[in-house]
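**Student:** Here's a sequence, model it:
(chains A and B)
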Amino acid sequence: MTSGGPGGWGRPVRVEGGLKARSRRGSIGSAWWSRRFIDILERVCDKGRLSRGRAYARAGQVLHLDLSPGLVAARVQGSRREPYEVEVGIEAYGEQRWAELQAAMSAQAVHRARLLAGEMPEEIEEVFAARGVDLFPRDLDMRCSCPDWGLPCKHLSAVLYLLAESFDEDPFLVLAWRGRGRDQLLSELDAVPGPPSDPDLVEDVPFAERLGDFFASGATVHRPERRGTPPPGLLLRLHPAPDGLTAELTAAYTAFAES
Amino acid sequence: MGHPFAAGVGELRAWLAGVLDKVVEPVVELELRLLLPGSSHEPLSSPEAGHASPELGLTSPEPGLASPESSLASPESSLASPESSLVSPESGRAVSTTRLRLRTWSVPALLLQPADALQLLHLDGTPGHPAEGSGGFTATLRHCAAVAAFAIDLVRRGRVVPALVADDPTAEPGDMWTVPEPNAEARWRPVVTGADAAHLRELALAMPPACRTGAGERPSATVLNHALAQLTDAAARRALTTPLVPRARTLRDRWLSALTGPDARCVDLPELRHDLDRWHRTASTEGGARLCFRLIEPPPTTETPEATDSREATEPTAITEPSATPSEPPSIAEPAGDPADPADPSDITRPRSLTEPLGIAEPATVPTPPPPSRGDVWRVEFALQPADDPSLQIPAERIWAGEAVPGLAGRPGHELLAGLGRAVRLYPGLDPALRTAEPYELELDTAGAFAFLRQAAPLLQAAGFGVHLPRWAGKSKLGLKLTTRSRSRQSAATAQGFGLAELVDFRVDLAVDGRPIDEAELAELARLKVPLVRVRGSWVELDDRQLQAALRAVAGRREGELSAGEILRQVVGGEEGELPLLEVDADGALGDLLSGQAERRLAPVPAPEGLKATLRPFQERGLAWLSFLSELGLGGVLADSMGLGKTVQTLALLVHERAERPTLLVCPMSLLGNWEREAARFAPDLRVYVHHGPGRDPARIAGADLVVTTYGTAQRDVETLREVGWRRVVCDEAQAIKNSGTLQARALRTIGADTRLALTGTPVENHLAELWSIMEFCNPGLLGPRQAFRRRYQEPIEARGDEGAERALRRATGPFILRRLKTDKSIISDLPDKLEVKEWCSLTPEQATLYRAVLDDMMGRIDDSEGVERRGLVLAAMAKLKQVCNHPAHLLKDGSRLAGRSGKLARVEELGAEILAEGEKALLFTQYAEFGGLLQPYLEQRLDRPVLFLHGGLPKGTRDRLVERFQREEEPMLFLLSLKAAGVGLNLTAASHVIHLDRWWNPAVEDQATDRAYRIGQRRSVQVRKLICAGTLEERVDAMIERKKALAERVVGAGEEWLTELSTEELREVFRLTAEAVA
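**Tutor:** Predicted structure coming up:
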């Protein structure tokens, strides 16, 4: 770590090995949960602050970010030697409430079905709404140890931005913030996806038993029934591509279908 | 040690250059160290040695092999890790039967770029490709070609995802301010699930050891996955001709643009790489069971009385409105209106209710139907189908009750839900069903059912889900019905007095589901404007275009009188409009003909006087059918499966008819001798003239009843043959004219005759282009022009499996094709358990020349010898002559080309093709293991089916495995066996055919071999064929055995020794070659 400018104000201290925002250009993805969180950010924080926060985060000034039920705690390297302590709090729900919510999810197979298919069920918000509670916070309880009076300050903005990115990648973090980690939720809902099947285990006949027909096929390969060409990009619809690739890849799949 | 017979890289390069248009450099030359079987001094030659194509191994860089990347200085060499290596072909050497062991040999090889490998392998199966002319692909090449075909198919079906493959996945990303070096590759990766996974497994099991040899034994799965990955990437790149991004500005763009074109290098982006890996993992995670959807139609309504037959025609209540009563606004039925149909104006102004229950947001995929309220309730039931037992389906209801799914490792409930979770992405309409804890079905109203039928079902099916629809789905039931009544009320059992010029009354009606409907009913259907209606209790899908066509058609109802011939032409060749001809109701002889059941309706014709054969009942019916068509002047295709006596039925027809003018019979050269002998045996009174060879004389045609010639001669002499007024032209093995465009087929069509007949043992109805060609020969013009045929039948059937088109084709061609199977109930009781026949083959001129040379040489030496030496020479002479009869290459042992040089081989090929086409298995016995060694790869390649080969050189384990495979696998296949190694003991009851390729002059030995198939456990009739070259020692010795059979005990067990006791004069007589031998 190199030392920054003198005194408390001015350029932030450069950080090596801080939590960097993704190098990928562009913004947070288009998944429904990402949109929800961006809505919140834009409510508490104007565009200018958010983009400064993004730049701050890109420079790697956030040293540490920890998410626990109800609380996101972070340390951000500002212009002072000592990093600032940042906290973002929301209401974490207790066991009782979670038991209710999980029971409601169990009652509708759509939740388990989507979770087992490797997806965050959009319908989950309905379950929260039906019980008069929020999944995504309406307000955030934010604190930063810096002397800046503006709320949110750039340190908070950087943390919020990183948080939005994390949620974009892993929507289950929102649930964890509310008090239920992914693993616990999946196991209590009995919705842990199975391991990928391994189709390629074949017991080979040793060469020693194939000396006489070394150059010949050992079994019959049934010619697969010729299947029609499915609508191009069916795979994209079944298993959505990582963010921002859909447009380019759709062109590729169309070309495949015509090949 | 260097492989002593390997061809050098120069030869390999030359071969490659001859086969591929353009080779993408670099092709890397190297020496591979390969584990190969052989004796301690020399490796075993590959069975296809002598063929011009090399072996193809799937070589991936591995420790111990000089890594080709490092061995080349060229910068491009590191672009693709080389995947396929061509290993040199060996010089032609016979199969060794000594004890084999494994040793490492070094072999010159070429490493190909994946794009080259794909181009090369894609040639397999394309007729007329350059490698075919030079002997075709070896078994290893063919296996690799199957992998390439799989890769190409995966790409076509979009079962691939892009990936980023880092050179070193653990490397730290570089500083973001320096210009990054390419340190990764952009690749397309196959997504293999479900049926594809099963296919991949089969490919791994089938991989010849030679494909996975290296410095050691490599696991087939590893080799296969590696090859599939490379070929898939190459196939994807070949399909992508334009870049995915116009200009690469960012590193991500650079990755995208490296997904097309030859250069796959790009910069690693760890986050993107992880995202892509995760994507590949999710896409590949489809479990051990398949989710199926079954659409169940509503139970028949009880409140609406259904029309009974007596009042059906005018009963308007017969059509029940599906989900709306007339008092409701019509818009309720509209969500099901075909949105693609511009004729439906309500579509544009369709009101969308915003207050539908649940208020679920609707993605655009499939309109979510409103929940069923009243009226008909359709159900879509869910079930799981285990991957390894598709015949089983376990309904979701039973899964929730705790039933296990066999073979499924995970929990069935999870499997079911995960499937539903994927399915709901494609079919959001599924959502309401998922609002319970344990979903087992989805309820739909009629509009929803229609949406499911038309939109969701094809999409789900394409995504790999099982979809089961009611039997009527996708079939058009609205169409025309033709009724004809003949005026002369003659009995149906004969064509006597009936001609195609006779006038009949006809009427054309509109019909739904086979029953005529009237104008009022039609109008009611049109008024409902729903695409799914219940007509007299059964559901009918209607499309608006058809309805409009029907409304127009009903205005001009057609009836009147036409000639029977014209009716026939209309039914068979008439163009199809919007309304298909769905049913024909005809009486009299025309009815018999059009029904396609004439064979069963006609009175059987007993064997005519002068036929020296007993006809079985089905052959009498066949004769009746043949003569019925002949009398009408119509051509036919007799396509009885092999062994049912097409030859004897044809000869019976000639004898029965006693026509004044001759019949011309055209057959392949390999059958010429057979026809001549069968005619002499069964119809000795027929005057037969074989028009063939240099001595042929057109003047003799006039004095003959039957003129037999070959396809080649017929084409050459077409001018002469055209002059003759033939009673009939017969084509045997009519597959020969399957290509309508060939000179041969066209020449034959120009030979005029009263009537024509095609004989074939292969199921012509499965190959539509061939069917047209053969029908065009039999009844020129009747099926309409080729283009129309293709449009109306071939494309709908081959591309979509269109059942309506299939039915129409059957109706059009049924009258002219008679095909009976050995397994038909009406046939099986008439067949003996074991049917033994002799098949006569001819020699090629080359065989005849060689035969004479061997004969002259050996007879001279026999003359000059005596005692033990003489005996030895007689046996040697006999062996050599038998080898000539088999194949010149069998005698010469020079590894030369096999195709087109032996009449017997040609016949074996034809028989093999017929047996395989019937889906059966055959044993082929030879007393010469080396002949089997020649035949095995040749037949496998020509017939493109497995040909197993068991001989004395194989260890016990291998023999057991071959027998086990032959008995167990369902695929039709041939089994070559050496008489000595397999004559006794083995149980091979999966075979229903036995072919003795060469004769062992001892009936007991042959019978013992035959009994491998004909024994306890055999449930079918077994056909035994002994191949005999006409005019050679094979025929003479056969005759002697037949004569001696009465006192045969003396012969039994004596092998061929008795022949050595014959005098030189007797031997000369036995060995002599007569003129008739040569084709």
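**Student:** Name the strands paired with whichever helix or strand B:Val165 is part of and say parallel or antiparallel.
**Tutor:** Per DSSP states H and E: B:Val165 is located in strand B:160-166. The pairing partners recorded for strand B:160-166 under DSSP bridges are strand B:184-190 (antiparallel).
**Student:** what's the nearest residue to the residue of the stretch 1-150 of chain A found nearest chain B if we skip its chain neighbours?
**Tutor:** Ranking the residues of the stretch 1-150 of chain A by distance to chain B (Cβ to the nearest Cβ) places A:Ala117 first, at 3.0 Å. For every residue, glycine as well, the C-beta is placed using N, CA and C. Among residues not flanking A:Ala117 along the chain, B:Gly421 sits closest, at 3.0 Å (Cβ to Cβ, 6 or more residues apart in numbering or on different chains).
**Student:** ok, now B:Glu660?
**Tutor:** B:Arg727 (7.5 Å).
**Student:** returning to what we had before: tell me the spacing between the residue nearest to A:Ala117 and A:Asp243.
**Tutor:** 20 Å (Cβ to Cβ, to the nearest Å).
**Student:** Repeat that for B:Asp1011.
**Tutor:** The gap separating B:Asp1011 from A:Asp243 is 70 Å, by Cβ to Cβ.
**Student:** circling back: neighbour-wise, which of B:Gly421 and A:Asp243 wins?
**Tutor:** Between B:Gly421 and A:Asp243, counting by other Cβ atoms under 10 Å in any protein chain shown, B:Gly421 is the more crowded of the two (26 against 18).
**Student:** In this structure the more buried one contacts A:His111, no?
**Tutor:** No - applying Cβ atoms under 8 Å, one finds B:Gly421 not in contact with A:His111, separated by 9.3 Å.
**Student:** what number of residues lie near residue 218?
**Tutor:** With no chain named, the answer covers chain A. Neighbour tally, A:Gly218, other Cβ under 10 Å: 21.
**Student:** could you do chain B instead?
**Tutor:** Residues lying near B:Arg218 (other Cβ under 10 Å) number 21.
**Student:** per-residue pLDDT, it?
**Tutor:** On pLDDT, B:Arg218 comes in at 86.
**Student:** and what of B:Arg870?
**Tutor:** 89.
**Student:** Please report how far it lies from B:Arg1072.
**Tutor:** Between B:Arg870 and B:Arg1072 the computed distance is 19 Å (Cβ to Cβ).
**Student:** Ramachandran coordinates for B:Phe150?
**Tutor:** For B:Phe150, the backbone dihedrals (degrees, to the nearest 10) come out as phi -60, psi -50.
**Student:** State the distance from it to B:Ser896.
**Tutor:** 34 Å.
**Student:** quick one, which of those two is more surrounded?
**Tutor:** B:Phe150 (25 against 12).
**Student:** from what I can see that one touches B:Leu228, true?
**Tutor:** Yes - taking contacts as Cβ under 8 Å, B:Phe150 lies within contact range of B:Leu228: 6.8 Å.
**Student:** Just to be sure, B:Leu948 is in a helix?
**Tutor:** No - the assignment for B:Leu948, made by DSSP: H, G, I helix; E, B strand; the rest coil, is strand rather than a helix.
**Student:** What would the helix ranked longest in chain A look like as PDB? C-alpha coordinates only.
**Tutor:** Secondary structure assigned by DSSP state H gives helix A:154-169 as the longest helix of chain A. Output of helix A:154-169 as PDB, limited to C-alpha atoms (Å, rounded to 0.1, in the frame of the first residue of the first chain):
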ATOM      1  CA  LYS A 154     -18.800   8.500  -2.200                       C
ATOM      2  CA  HIS A 155     -17.700   5.600   0.100                       C
ATOM      3  CA  LEU A 156     -21.200   4.500   0.600                       C
ATOM      4  CA  SER A 157     -21.900   5.000  -3.100                       C
ATOM      5  CA  ALA A 158     -19.000   2.700  -3.900                       C
ATOM      6  CA  VAL A 159     -20.300   0.000  -1.500                       C
ATOM      7  CA  LEU A 160     -23.800   0.300  -2.900                       C
ATOM      8  CA  TYR A 161     -22.500  -0.100  -6.400                       C
ATOM      9  CA  LEU A 162     -20.500  -3.200  -5.500                       C
ATOM     10  CA  LEU A 163     -23.500  -4.500  -3.700                       C
ATOM     11  CA  ALA A 164     -25.700  -4.100  -6.800                       C
ATOM     12  CA  GLU A 165     -23.100  -6.000  -8.800                       C
ATOM     13  CA  SER A 166     -23.000  -8.800  -6.300                       C
ATOM     14  CA  PHE A 167     -26.800  -9.100  -6.400                       C
ATOM     15  CA  ASP A 168     -26.700  -9.100 -10.100                       C
ATOM     16  CA  GLU A 169     -24.300 -12.100 -10.100                       C
END
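**Student:** Please name every helix or strand in contact with that helix.
**Tutor:** On a contact count with 3 or more Cβ pairs under 8 Å, 6 or more residues apart in numbering or on different chains; DSSP states H and E, helix A:154-169 meets helix A:32-44, helix A:47-58, strand A:62-68, strand A:71-76, strand A:84-89, strand A:141-144, helix A:172-177.
**Student:** Is the residue of the stretch 851-1000 of chain B found nearest chain A in a helix, a strand, or coil?
**Tutor:** Closest to chain A within the stretch 851-1000 of chain B is B:Leu954: 3.8 Å, counting by Cβ to the nearest Cβ. Under the three-state scheme (three-state DSSP), B:Leu954 adopts coil.
**Student:** Does B:Arg1025 belong to a helix, a strand or coil?
**Tutor:** Under three-state DSSP, B:Arg1025 falls in the strand class.
**Student:** so where's the stretch 451-600 of chain B shaky on pLDDT?
**Tutor:** Counting by pLDDT under 70, the ranges of the stretch 451-600 of chain B that qualify are B:475-477, B:488-498, B:514, B:536, B:553-557, B:573-578.
**Student:** and if we set it to 80?
**Tutor:** B:471-479, B:487-501, B:511-559, B:570-583, B:596-597 (pLDDT under 80).
**Student:** Would you map the strands across it?
**Tutor:** Assigned by DSSP state E, counting those that start in this stretch, the stretch 451-600 of chain B shows strands spanning B:466-468, B:478-486, B:503-512, B:515-516, B:532-535, B:538-541, B:558-563, B:581-586.
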